[in-house]
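> Sequence and predicted structure, then a few things I'm wondering about:
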Amino acid sequence: MDAIELFEQAEVAWDAENYDEAIKKFDQCLCANPSPTVAMKAFVNIGVMIHTKYRFGFRKGESVSDEEARWVIRAGICGQKAVEIYNNQISNTQYAGELHELFVQAKQIHQFGTTYCLTKRDAYGQLDFRDLVTLSKINLSPINSIADEENRQLESMRGKDKSSQQTSSEKEIANSKVNANTEQNISEDSMFYLYKNNQQFGPYQESAVIDWIRNGQCSPSDLAIRGDMTDWQPLGMIFPMPVTTSGNLEKEFNLFEVSAEELEVLFSQIRQSDNYTAQHLLRQYEQKLQIMERQVFSLKNQFPNTDEVEFMESFFYVKYSGLKMEQNNWAEALHYLDRAINIIDTPNVRIVRASVYLKLNQKEQALQDLHHIITNPVEDEGLYYEARQMKDALEN
């Protein structure tokens, strides 16, 4: 049976609200070598059906069981796969316009899967971070079309190092927990958790979080969640940055390009300088990134879901990861590269992430990124051969 027939059978099962059968048929369709357009639709449909079956859109992430949380992750992977297909095989074809709305939906499913249910209520009703190791051990019926990526994520969950070193600002935030919560009878729904450097901190009162944003201990791109929220969001979206832009997106994008070029030149100078000069330039680089960050999140509130702002946000995350690499903070560099790829997936960022995976001794994840670059069209031949050489070296 060919992919189209399986796709049609899946749609029949979907219409009958037989979600398990529909997921199975869409999965079989994806394993039958479908065209890129059919594959993208099938991945999005699996994600939508998972959300429909478990009614995630009508529930708080903290209320779902660990098994349901695994299904959220699976839906997110399907969204990720659909985004990759669009970026690599459809965006430059005649079908790009027709499938752009589906592309936006796929991105939403992917982002939902990465942030929706990081926390849950414990036996005492307190909000706590989910145990990723426990999640990774739950056995579910297979979805063969996402098995490789799911296994990669499960391995990452099992290998989480919870003893990673905190920065001084993170220690101060962590140590502020008692002081921030001294008042009695504070509603749990009004309390915030923060996610920095692959660790969760909290809960904290809103006033404390706002103070940390103002004094620079927290940045607009740091993720946060409040008790009455369903998913994690950047602080810059929860507490919108003051509008410091002209309100003209074209003009702001031109200014951004100038800032981006300045960052590129400055980073090149850092790489060529002695240690003392490099540290001085690195501080300038960080200051310029902080200015860019405020511009990006101000524009993100003014012009949500626009291609220009998404490009700017992704670029910022890539450059911020570069700062973290210069500081030898590889775990946080990986965090920002993941966020960049969630917005715009490019082979250039993938190969950087592969090198970071190697710094963290995560060889399999590095091979996954290199394989992705090699098996998808790459305009830059030099990048293609670099990925081939890295992959060959790892496998020999």
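Sure thing, it's come through.
> buried sites along the strand or helix carrying His280?
Mapping His280 onto the secondary structure by DSSP states H and E places it in helix 275-302. The neighbour-count check on helix 275-302 (16 or more other C-beta atoms under 10 Å) flags 278, 281-282, 285, 288-289, 292-300, 302 as buried. Every C-beta, even on glycine, is put in place using the N, C-alpha and C of the backbone.
> show me where pLDDT drops low in the protein?
Residues of the chain meeting the criterion pLDDT under 70: 58, 114-115, 121-129, 158-189, 197-199, 214-216, 240-245.
> Neighbours of Glu98, how many?
11 (other C-beta atoms under 10 Å).
> do the same with Leu358
Neighbours around Leu358, by other C-beta under 10 Å: 16.
> Looks like it contacts Gln365 (just checking).
No. Using C-beta atoms under 8 Å, Leu358 is not in contact with Gln365, being 9.1 Å away.
> Please enumerate the strands of this structure.
119-121, 127-129, 192-196, 199-204, 223-226, 233-234 (DSSP state E).
> which residue packs closest to the spatially most central residue of the chain, ignoring adjacent ones?
Here the mean C-alpha position of the chain is nearest to the C-alpha of Arg339 (C-alpha atoms, centre = their mean), at a distance of 3.6 Å. The shortest distance from Arg339 to any non-neighbouring residue, by C-beta to C-beta, 6 or more residues apart in numbering, is to Tyr317 (4.8 Å).
> go on, Cys117?
Gly61 (3.8 Å).
> For the one you found, which residues are in contact?
72, 115-120, 230-231 (C-beta atoms under 8 Å, 6 or more residues apart in numbering).
> Same question for Leu360.
330-331, 334.
> Looking at those, state which has the most neighbours.
Within the contacts of Leu360, neighbour counts (other C-beta under 10 Å) peak at Leu334, which reaches 23 neighbours.
> thought it was touching Arg353?
Yes. Using C-beta under 8 Å, Leu334 is in contact with Arg353, at 6.8 Å.
> what's stretch 273-282 in contact with?
In contact with stretch 273-282 (C-beta under 8 Å, 6+ apart) are residues 266, 269-271, 323, 326-327.
> Could you measure from the residue nearest to the centre of the chain over to Leu132?
Applying C-beta to C-beta, to the nearest Å, the value for Arg339 to Leu132 is 18 Å.
> What number of residues are in the vicinity of Pro142?
By other C-beta under 10 Å, 11 other residues sit near Pro142.
> Ok, Glu62 next?
Neighbourhood size, Glu62 [other C-beta under 10 Å]: 20.
> how close does it get to Asn45?
With C-beta to C-beta as the criterion, Glu62 and Asn45 are 27 Å apart.
> What is the nearest of the buried residues of helix 275-302 to Glu250?
Leu299 (11.5 Å; C-beta to C-beta).
> Pretty sure Phe316 is one of the things the closest one touches, is it not?
No. Using C-beta under 8 Å, Leu299 makes no contact with Phe316, being 10.9 Å away.
> For the spatially closest residue to Ile341 that is not a sequence neighbour, give me its contacts.
Of all residues not flanking Ile341 in the chain, Val349 sits nearest, at 5.6 Å (C-beta to C-beta, 6+ apart). Residues counted as contacts of Val349 (C-beta under 8 Å, 6+ apart) are 314, 318, 337, 340-341.
> of these, buried ones?
Listed as buried from the contacts of Val349 are 314, 318, 337, 340-341; burial here means 16+ other C-beta under 10 Å.
> Out of those, which two sit at the greatest distance?
Among those, Ser314 and Leu337 lie farthest apart (C-beta to C-beta), at 10.1 Å.
> Could you single out the nearest of the contacts of Leu360 to Phe56?
Within these, the smallest distance to Phe56 is 26.6 Å, found for Leu334 (C-beta to C-beta).
> all helices for the stretch 1-150 of the chain, in order.
Applying DSSP state H, counting those that start in this stretch to the stretch 1-150 of the chain gives helices spanning 3-15, 19-30, 36-54, 66-85, 96-115, 132-136, 147-158.
> next one: the shortest one to chain centre, how far?
Remark: helix 132-136 is offset 19 Å from the chain centroid, using C-alpha atoms, centre = their mean, to the nearest Å.
> buried stuff in it?
For helix 132-136, burial by neighbour count (16+ other C-beta under 10 Å) applies to 132, 135-136.
> picking that back up, include mean neighbour count and distance to Phe253 when you put the strands of the chain into TSV, please.
Below are the strands of the chain laid out as TSV (neighbours: other C-beta atoms under 10 Å; distance: least, C-beta to C-beta, whole Å):
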stretch	mean neighbour count	distance to Phe253
strand 119-121	19	36
strand 127-129	17	37
strand 192-196	22	29
strand 199-204	22	34
strand 223-226	23	25
strand 233-234	17	20
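> Any idea which of those gets closest to Tyr86?
Nearest to Tyr86, of the strands of the chain and by C-beta to C-beta, is strand 233-234 at 23.6 Å.
> residues in contact with the closest one?
115, 220-225, 297.
> That strand pairs with which strands, and in what direction?
Using DSSP bridges, the strands paired with strand 233-234 are strand 223-226 (antiparallel).
> how far away is His280 from Glu313?
Relative to Glu313, His280 is positioned 28 Å away (C-beta to C-beta).
> Actually, Asp27.
For Asp27 relative to Glu313 (C-beta to C-beta), the value is 32 Å.
> One more: Ala208?
26 Å.
> next one: Leu102
21 Å.
> between those two, which one's more packed in?
Glu313 (23 against 19).
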